[in-house]
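Undergrad: Pasting the sequence and the predicted coordinates here, then a few questions.
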Amino acid sequence: MGNPIVNRSSALAALLLAALALGGCGTTASRDALADAGPAGSPFTQQLFKNYSYLANSFGPATGGGFDTDGVATIFDTGGDTDTLAEAFATKALIASKGTDPDPEPSMDADSAGARSRLIQDLVAGKERYPIDAARAQTDFDCWMLNATVDSQRAASEVCHGSFLHSIARLEHAPPRLSEAPAAPPAPAAAPSANYTVYFDFDSWTLTGEALSTITDAVNAARAGRQSRITIVGHTDTAGAAGYNQRLSLKRADVV
């Protein structure tokens with residue numbers, strides 16, 4: 001599956017690599033603590049831990065650039081002191097390592113406030129059913145917000161914003177997983193089939209008492225089995241002309 005933050009498309013990893021180019025020196029306490037931490041709690045917090053840990057360790061010199069397969073620019077060589085960003089992601093990873101849901105970052109403007117409200121609603125509805133998609137949407141949002149706090153990372157913030165729009169839409173339209181698909185209702189039992197024979201007197205199409213009893217049995221069986229198709233076939237013996245016998249067999253079928 002590639003990098004642990006990648007959910008469905010390895011190309012999306014490039015979006016989160018937008019927070020790059022570590023410069024200067026600062027505290028690394030939270031990042032150091034990650035070495036002894038691991039995923040814990042619900043599937044959602046476990047995935048959050050993996051995502052935030054990846055982001056915390058994604059800072060450093062980068063080479064290359066271009067466009068990923070989603071058509072979103074990948075930002076490299078942004079420069080600037082990003083120790084504080086790495087520590088922020090590491091701190092969130094440590095919170096998740098305790099099985100606790102770290103809150104999404106505060107919004108910065110009306111646009112991000114609306115996005116944050118949308119995210120929170122979708123997390124409530126989907127983090128248990130779709131923990132991977134939900135964790136990806138939250139870490140994309142935080143990548144957007146935190147990168148926006150560092151001037152040199154504003155371009156990276158916009159890339160994370162684009163990634164968030166992908167991931168939040170995916171969360172909102174996530175199909176049920178195979179293990180979550182509703183069980184198919186049991187197939188109805190096949191209606192039993194049966195043949196009932198009604199006998200007529202010679203050269204007659206009048207129903208006898210015995211014939212009526214047979215027909216009653218057939219009706220009751222059809223109702224109990226909920227048959228959707230009943231076929232009635234008339235017959236005669238081989239005596240007499242073929243045309244006459246055909247008319248007699250039709251009369252017998254009609255009266256039944």
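TA: That came through, no problem.
Undergrad: Please work out the average pLDDT along stretch 204-219.
TA: For stretch 204-219, mean pLDDT rounds to 74.
Undergrad: residues of that stretch that come out buried?
TA: W205, L207, A211, T214, I215, A218 (16 or more other C-beta atoms under 10 Å). For every residue, glycine as well, the C-beta is placed using N, CA and C.
Undergrad: out of the residues you listed, which one sits closest to D140?
TA: A218 (67.3 Å; C-beta to C-beta).
Undergrad: which residue sits closest to that closest one, ignoring its sequence neighbours?
TA: Y196 (4.1 Å; C-beta to C-beta, 6 or more residues apart in numbering).
Undergrad: State the distance from the one you found to T208.
TA: 14 Å (C-beta to C-beta, to the nearest Å).
Undergrad: And for A134?
TA: A134 sits 74 Å away from T208 when distances are taken as C-beta to C-beta.
Undergrad: Counting neighbours, which bits of the lengthiest helix in the chain end up buried?
TA: Assignment by DSSP state H gives helix 154-172 as the longest helix of the chain. Buried residues in helix 154-172, counted by 16+ other C-beta under 10 Å: 156-164, 166-168, 170-171.
Undergrad: Quick one: mean pLDDT for whichever strand or helix holds T84?
TA: If you go by DSSP states H and E, T84 is part of helix 83-97. Taken as a whole, helix 83-97 has an average pLDDT of 90.
Undergrad: packing partners for that helix?
TA: Packing partners of helix 83-97 (3 or more C-beta pairs under 8 Å, 6 or more residues apart in numbering; DSSP states H and E): helix 29-33, helix 43-56, helix 131-147.
Undergrad: Can I get those helices in TSV including distance to V256, mean pLDDT and mean neighbour count?
TA: Listed next are the helices and strands packed on helix 83-97 as TSV, based on distance: least, C-beta to C-beta, whole Å; pLDDT from 0 to 100; neighbours: other C-beta atoms under 10 Å:
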stretch	distance to V256	mean pLDDT	mean neighbour count
helix 29-33	87	87	15
helix 43-56	64	91	24
helix 131-147	63	92	26
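Undergrad: Can you say which of those is nearest to A110?
TA: Of the helices and strands packed on helix 83-97, nearest to A110 by C-beta to C-beta is helix 131-147, at 13.8 Å.
Undergrad: Run the angle between the closest one and helix 154-172 for me.
TA: Relative orientation of helix 131-147 versus helix 154-172 (axes from the mean of the first three to the mean of the last three C-alpha atoms, to 10 degrees): 160 degrees.
Undergrad: returning to what we had before: out of the buried residues of stretch 204-219, who's nearest E128?
TA: Among the buried residues of stretch 204-219, and counting by C-beta to C-beta, the member closest to E128 is A218, at 54.2 Å.
Undergrad: who touches that closest one in this structure?
TA: A194, Y196, I230 (C-beta atoms under 8 Å, 6 or more residues apart in numbering).
Undergrad: contacting residues for the nearest residue to L123 once chain neighbours are set aside?
TA: In this structure, L123 finds its nearest non-sequential neighbour in A134, 5.5 Å apart by C-beta to C-beta, 6+ apart. Contact analysis of A134 by C-beta under 8 Å, 6+ apart lists F44, Q47, D122, L123, G126, K127, L171.
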